[in-house]
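1. I'll drop the sequence and a predicted model, then ask my questions.
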Amino acid sequence: MNKSIFFLLALFLVAQTALAQRQVIDKVVAMVGGEIVLLSEVEEQYSLIKAQNPNVEEGLRCEIMNQLLTAKLLVNQAKLDSILVAEEEVEEQLNARIDRILSYMNGDLEQFEAYYGQSVTQVKEQFREDLRAQLLSERMRDDVLRGVSVTPSEVKRFFDEIPIDSLPYFSSEVEVGEVVYVPPVNETEKQKAITQLEEVREQIVTGTSTFEEMAQKFSDDGSARIGGDLGWAKRGKFVPEFEAAAYQLETGEISPVIETEFGFHIIQMLERRGNTIRVRHILVRPDITDNDLELARIHLDSVRQLIVNDSISFSIAVKRFGNEDVQSYNNDGRMMNPITGNTFYEVADLDPDVYFAIDTLGIGETTSAFAFASPTGETFYRIVQLQSRTDPHRANLQQDYNKIMTATKDSKQNEFLSEWIESKVASTYVLIDDRFQGCPNLTKWREDALVRP
């Protein structure tokens with residue numbers, strides 16, 4: 001599977017094309033079992049990729065059709081195998097994608113609705129079944145490939161089969177560790193937040209304002225735009241303090257003010273089905289003052305000094321002073337590269353502030369404390385240690401085993417999936433429109449299909 005194309009397809013809601021204004025072409029161009037492919041699906045994805053890269057090859061539509069046929073086959077088999085996707089999982093994914101779009105629009109709900117020509121609720125409904133099918137496809141693919149693994153001998157054989165002049169040349173890579181410190185809120189600001197939320201609760205309870213109105217006006221998270229509604233969720237989705245308070249509520253009841261790592265909340269129970277609940281909340285985050293931030297910087301610089309003086313190791317500093325909610329905390333402070341899934345970063349993969357902080361460091365040296373924005377936009381502080389640096393080099397098994405192992409596994413998975421597709425196509429109804437007759441990569445779908453056009 002072409003990963004770049006799959007990635008773009010997976011982010012359909014983030015596309016900078018006017019999907020909401022498209023004309024749906026009611027033309028079925030393929031069928032796989034009980035699943036259909038519309039010409040509009042092919043053309044939308046073609047337009048999206050073309051907008052990202054105007055110099056795409058002529059065979060792009062053939063590649064898109066191949067990916068769609070594969071996805072539809074996976075969905076069809078998932079249904080036959082009774083693989084399910086929970087409603088709350090679909091809702092959670094929809095909310096995450098809507099939140100991502102809104103973050104690009106600075107949370108401007110009016111801009112969102114003007115761009116898509118629909119409300120948030122309407123957009124979610126429009127894409128709900130598409131997303132459910134995507135999740136089914138991914139789940140089925142994971143199930144098919146679950147048992148595929150590679151041995152060291154397979155990795156070596158894969159590497160040995162690559163011509164020397166085709167071996168990739170890797171840039172310098174670094175490993176970096178971090179100690180992340182979250183500035184604590186002072187008690188005065190905490191009390192202000194509690195007082196504000198108690199006043200908001202009083203207005204709701206007395207009927208002066210509705211919960212939805214107050215959430216839209218005061219809540220400090222993305223759910224504010226839809227009245228604080230968090231959708232359906234099972235036990236384990238929310239942090240313990242929030243969940244403990246929520247599950248004690250009766251329908252329509254509003255909790256007292258509770259504190260979690262995110263700030264202060266009031267919660268209202270909307271509906272309950274066994275262990276699955278639907279609640280809404282209002283979140284007020286206490287303000288972090290400039291003095292709080294300065295105290296945090298000073299504190300973390302004192303931790304750095306302990307490391308520099310060899311009073312404690314970097315690993316101990318992570319456990320003793322670091323924030324346990326960041327990924328690196330459970331990896332002795334080593335940051336994980338989300339692109340590669342390992343701890344090595346090329347310069348281009350590093351956040352600019354980290355790169356400039358370590359640019360002149362020697363191995364084992366640690367930066368002074370510096371601020372950075374958390375995923376939720378809050379100001380955190382970190383110190384960063386340069387733990388290793390490789391020179392630019394041609395790929396070899398000694399330095400690049402993990403990368404070569406990943407490439408070996410990807411290759412083996414692609415072969416396995418291709419064989420699985422051929423086996424399923426042989427017993428699956430497949431019909432492809434004549435306009436794709438000239439696509440050489442679709443031959444297997446026609447030759448092996450149970451029914452051919």
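-> Good, I have the coordinates. Numbers count the residues shown, from 1 in each chain.

2. The residue nearest in space to the middle of the chain and residue 102: what is the separation?
-> Centroid check for the chain by C-alpha atoms, centre = their mean gives residue 96 as the closest residue, at 8.1 Å. For residue 96, the distance to residue 102 (C-beta to C-beta, to the nearest Å) stands at 11 Å. In short, each C-beta sits where N, CA and C put it, glycine included.

3. try residue 130
-> Residue 130 is 19 Å from residue 102, by C-beta to C-beta.

4. Residue 380 belongs to a strand?
-> Yes. Residue 380: assigned to a strand according to DSSP: H, G, I helix; E, B strand; the rest coil.

5. my guess is it meets residue 371, correct?
-> Yes. Using C-beta atoms under 8 Å, residue 380 is in contact with residue 371, at 7.2 Å.

6. which one of those two has more residues nearby?
-> Neighbours were counted for residue 380 and for residue 371 using other C-beta atoms under 10 Å; residue 380 has more, 19 against 14.

7. In contact with that one: list those residues for me.
-> By C-beta atoms under 8 Å, 6 or more residues apart in numbering, the contact list for residue 380 reads 180-183, 323, 371-374.

8. residue contacts, residue 230?
-> Residue 230 is in contact with 223, 278-281, counting by C-beta under 8 Å, 6+ apart.

9. Give me the buried subset of the contacts of residue 380.
-> Neighbour-count burial (16 or more other C-beta atoms under 10 Å) applied to the contacts of residue 380 gives 180-183, 323, 372.

10. nearest to residue 255, of the residues you listed?
-> Closest to residue 255 out of the buried ones among the contacts of residue 380 is residue 182 (24.7 Å), distances taken as C-beta to C-beta.

11. who are the neighbours of the helix or strand the residue nearest to the centre of the chain falls within, in terms of helices and strands?
-> If you go by DSSP states H and E, residue 96 is part of helix 87-104. Secondary-structure packing of helix 87-104 (3 or more C-beta pairs under 8 Å, 6 or more residues apart in numbering; DSSP states H and E): helix 109-116, helix 120-145, strand 229-233.

12. This protein: strands as residue ranges?
-> Listed in chain order, the strands of the chain (DSSP state E) span 28-32, 35-38, 169-170, 173-181, 229-233, 258-260, 263-273, 276-284, 345-346, 370-373, 379-389, 393-394, 430-432.

13. Take those and lay them out in JSON lines including distance to residue 190 and mean pLDDT.
-> Converted to JSON lines, these look like this (distance: least, C-beta to C-beta, whole Å; pLDDT from 0 to 100):
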{"stretch": "strand 28-32", "distance to residue 190": "57", "mean pLDDT": "93"}
{"stretch": "strand 35-38", "distance to residue 190": "53", "mean pLDDT": "94"}
{"stretch": "strand 169-170", "distance to residue 190": "49", "mean pLDDT": "88"}
{"stretch": "strand 173-181", "distance to residue 190": "18", "mean pLDDT": "95"}
{"stretch": "strand 229-233", "distance to residue 190": "23", "mean pLDDT": "86"}
{"stretch": "strand 258-260", "distance to residue 190": "8", "mean pLDDT": "95"}
{"stretch": "strand 263-273", "distance to residue 190": "8", "mean pLDDT": "94"}
{"stretch": "strand 276-284", "distance to residue 190": "10", "mean pLDDT": "94"}
{"stretch": "strand 345-346", "distance to residue 190": "37", "mean pLDDT": "91"}
{"stretch": "strand 370-373", "distance to residue 190": "21", "mean pLDDT": "93"}
{"stretch": "strand 379-389", "distance to residue 190": "17", "mean pLDDT": "95"}
{"stretch": "strand 393-394", "distance to residue 190": "52", "mean pLDDT": "92"}
{"stretch": "strand 430-432", "distance to residue 190": "62", "mean pLDDT": "92"}
